[in-house]
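> Next come a sequence and a model predicted from it.
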Amino acid sequence: MPETGSREHDSPLDLLAELFRRHPAWCDAARYLEEGASSDLLFTSQPDAVWHLERRGGETLLRSGAARDPDLIFRFTPKSVENLSHASGDIGDIAVRLFHLVVDVDPGEGVELRVAAPFSRLVRRGYLSLLAAGGLRVLAFGASHGVRTVHDLRGLVDRIHRAGAAAWVAGVSAASGAVSPADRRGLRLRMRRAAREIAAQHDQLREIVGEINDALACGDTASAADSVAHYCDALGAHFALEEDIVFPALHGIDPRNGKVIETMLHEHVMLFTELRRLADTVDEVGTADWRAAFYELRRSLSLHEAREETAVYSEARQPDEARQPD
Ligand SMILES: [Fe+2]
Ligand SMILES: [Fe+2]
């Protein structure tokens with residue numbers, strides 16, 4: 001791999017942009033991320049400006065301004081960008097350098113990171129696949145910092161996510177108990193609409209499963225594989241709707257819903273990871289093992305949907321004055 005070398009005449013922004021344009025390992029890393037994945041970039045040397053990186057049309061675009069819905073937010077010091085520019089190896093080398101700058105280095109010289117998206121959205125957008133592509137070096141770095149499993153990683157991301165909400169989003173209180181009765185009425189109206197939409201989407205998802213089962217019953221593995229890909233997209237969009245709109249409303253109405261939301265988010269990660277695995281092993285779509293795994297996934301998903309509909313419907317049906325926050 002070529003060294004990009006020191007580029008002291010460039011601003012940190014120019015240097016970073018150059019890495020994404022020309023450095024083979026950086027370009028390779030970006031390809032693991034799905035369309036629409038985006039990160040905001042802040043620089044200590046230019047505190048009044050913000051840029052964002054976005055995957056669009058198979059390319060990584062650097063644009064001025066904040067992303068509409070970023071997954072991650074980075075704040076770089078000039079020294080940290082200089083350090084990253086010396087990465088000469090593969091994805092693992094870049095990832096370990098970046099994590100080292102985030103975790104081990106003083107913020108005055110390192111990188112500050114905030115996680116803006118829920119863990120499940122990071123999984124859908126390919127960040128977990130990107131970490132896996134980093135290989136043993138990334139695993140070893142994670143293990144040396146107490147992150148040995150996906151569960152550990154999720155816990156870490158959730159902690160950073162919560163810290164970010166409190167520390168970086170000025171003027172936004174994390175205390176959902178501060179929601180006024182009028183706001184709660186508005187949220188409950190939104191829940192009533194969402195309850196209908198969620199139930200309709202669950203029906204649509206079941207129809208796609210029916211198509212998969214029909215194709216398998218006829219031995220038409222090509223059609224089954226197409227339907228599995230469709231199912232993967234549809235489930236990802238459905239989870240995004242729940243995580244972006246329904247769950248925040250559910251929590252805003254009553255913070256005591258946090259526990260059930262936590263369970264549902266955890267299930268989203270597990271279910272989508274398993275569906276992704278099945279979609280990636282589509283060559284085996286007709287085998288008994290694949291079918292058994294798909295059946296088990298559907299069983300887990302049905303339980304998840306039933307729990308979700310119960311939580312959303314029961315909250316939507318509550319009279320506005322019936323429940324008060326603790
Ligand atoms: Fe869900
Ligand atoms: Fe759902």
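Alright, I've got the coordinates. Numbering: from 1, shown residues only. Ligands and ions are numbered 1, 2, ... in the order given.
> got a list of contacts for the host helix or strand of residue 25?
Secondary structure from DSSP states H and E places residue 25 in helix 24-30. Helix 24-30 has contacts (CB atoms under 8 Å, 6 or more residues apart in numbering) with 1-2, 19-21, 55, 60, 87, 89-91, 93-95, 130, 133. To be clear about C-beta, it is placed using only N, CA and C from the backbone, and glycine gets the same treatment.
> where does the stretch 1-150 of the chain dip in pLDDT?
The stretch 1-150 of the chain contains residues with pLDDT under 70 at 1-9, 107, 150.
> ok, which stretches of it are helices?
Assigned by DSSP state H, counting those that start in this stretch, the helices in the stretch 1-150 of the chain fall at 12-22, 24-30, 78-85, 91-103, 119-124, 127-133, 135-144, 150-168.
> Packed most tightly, which of those helices would that be?
helix 119-124 (a mean of 24; mean count of other CB atoms under 10 Å).
> Show me what it packs onto, helices and strands only.
helix 150-168, helix 221-241, helix 258-280 (3 or more CB pairs under 8 Å, 6 or more residues apart in numbering; DSSP states H and E).
> roughly how far out does the lengthiest strand in the chain sit from the chain middle?
With residue count as the measure and DSSP state E as the assignment, the chain has strand 46-56 as its longest strand. What separates the centre of strand 46-56 from the centre of its chain is 19 Å, taken as CA atoms, centre = their mean, to the nearest Å.
> who touches that strand?
By CB under 8 Å, 6+ apart, strand 46-56 touches 11, 13, 20, 30, 33-43, 60-67, 70.
> strand partners of it, parallel vs antiparallel please.
strand 38-43 (antiparallel), strand 59-64 (antiparallel) (DSSP bridges).
> Figure out the length between the terminal residues of stretch 27-44.
25 Å (CA to CA, to the nearest Å).
> Quick check: buried residues in it?
The neighbour-count check on stretch 27-44 (16 or more other CB atoms under 10 Å) flags 29-30, 32-33, 37-44 as buried.
> just stretch 257-270 next, same as before
257, 260-261, 264-265, 267-270.
> ditto for stretch 184-203
184, 186-188, 190-191, 194-195, 197-198, 201-202.
> mind giving me the domain ranges of the protein?
12-168, 180-317 (automatic domain parsing).
> looking at the ones you listed, which is closest to ligand 1?
Among these, the nearest to ligand 1 by CB to the ion is domain 180-317 (4.8 Å).
> distance between the closest one and the chain's centre?
Using CA atoms, centre = their mean, the offset of domain 180-317 from its chain centre is 16 Å.
> Likewise for stretch 113-122?
Using CA atoms, centre = their mean, the offset of stretch 113-122 from its chain centre is 5 Å.
> Any idea how far apart the tips of that stretch sit?
Stretch 113-122: ends 14 Å apart by CA to CA.
> does ligand 1 sit close to that stretch?
No - applying CB under 5 Å from the ion, one finds stretch 113-122 separated from ligand 1 by no less than 9.2 Å.
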